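A.B. asks: with the input below, show me the fold.
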Amino acid sequence: QVQLVESGGGLVQAGGSLKLSCAASGRTFRSYAIGWFRQAPGKEREFVAGTSWSGASKSYARSVEGRFTISRENAKMMVYLQMNSLKPEDTARYYCAANDAGIATREGEYDYWGQGTQVTVSS
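C.D. replies: You can find the predicted model right below:
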C-alpha cells in the first residue's frame, strides 16, 4: 500500500516556475515507479512525466519535454516535478501516481493516486 500527497501548486504567470512535490508513505514506495499526470477542465487526464523506482529512467510527454524535470529522493520518500517556462496550457490539476510495473503512460497502469494539486498559469 502506498499513500501519495501532492503539494506545491498555485497561481503563476506565464514563463514562471513551480515545483510540485509528491510525498509518499508505505514500506514499498522504493519499488514503485512514479508518474505525474494532469487533468484540465473538460479534458482527459494525461501523462506528464514518469520516473523508474531508482530514478535512472525517466519519461516525459512531448508537450513538457525540456521544460519539466522529474526527480525522486527515495530516502525522503519524495518525488518532485520542477516546471519551468510555464504556459497557460499547463493549467490543470496535477496528480502523482505509483505503479509497481515500471514507468507507464496510461493511467490505468497505476495502482495508487494522490488527490492532486491545482496549477494555474495566467497569460
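
A.B. asks: which elements pack onto whichever strand or helix holds Trp36?
C.D. replies: Using DSSP states H and E, Trp36 maps to strand 33-39. When contacts are defined as 3 or more C-beta pairs under 8 Å, 6 or more residues apart in numbering; DSSP states H and E, strand 33-39 packs onto strand 18-25, strand 46-51, strand 68-73, strand 78-83, strand 92-99. Every residue, glycine included, has its C-beta placed from N, CA and C.

A.B. asks: dump the ones you listed to CSV, plus mean neighbour count, mean pLDDT and distance to Gln39.
C.D. replies: Formatted as CSV, the helices and strands packed on strand 33-39 follow (neighbours: other C-beta atoms under 10 Å; pLDDT from 0 to 100; distance: least, C-beta to C-beta, whole Å):
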stretch, mean neighbour count, mean pLDDT, distance to Gln39
strand 18-25, 19, 97, 14
strand 46-51, 23, 98, 7
strand 68-73, 18, 97, 16
strand 78-83, 22, 98, 15
strand 92-99, 23, 97, 5
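
A.B. asks: partners of the residue nearest to Arg45 when sequence neighbours are not counted in the sheet?
C.D. replies: Among residues not flanking Arg45 along the chain, Gln39 sits closest, at 4.1 Å (C-beta to C-beta, 6 or more residues apart in numbering). Counting by DSSP bridges, Gln39 forms beta bridges with Arg93.

A.B. asks: let me know the pLDDT of Gln39.
C.D. replies: The score at Gln39 is 98. That number is its pLDDT.

A.B. asks: ignoring the adjacent residues along the chain, who's closest to the most centrally placed residue in the chain?
C.D. replies: With distances taken as C-alpha atoms, centre = their mean, the chain has Trp36 as the residue nearest its mean C-alpha position (2.3 Å). Spatial nearest neighbour of Trp36, chain neighbours left out: Val48 (4.4 Å); criterion: C-beta to C-beta, 6+ apart.
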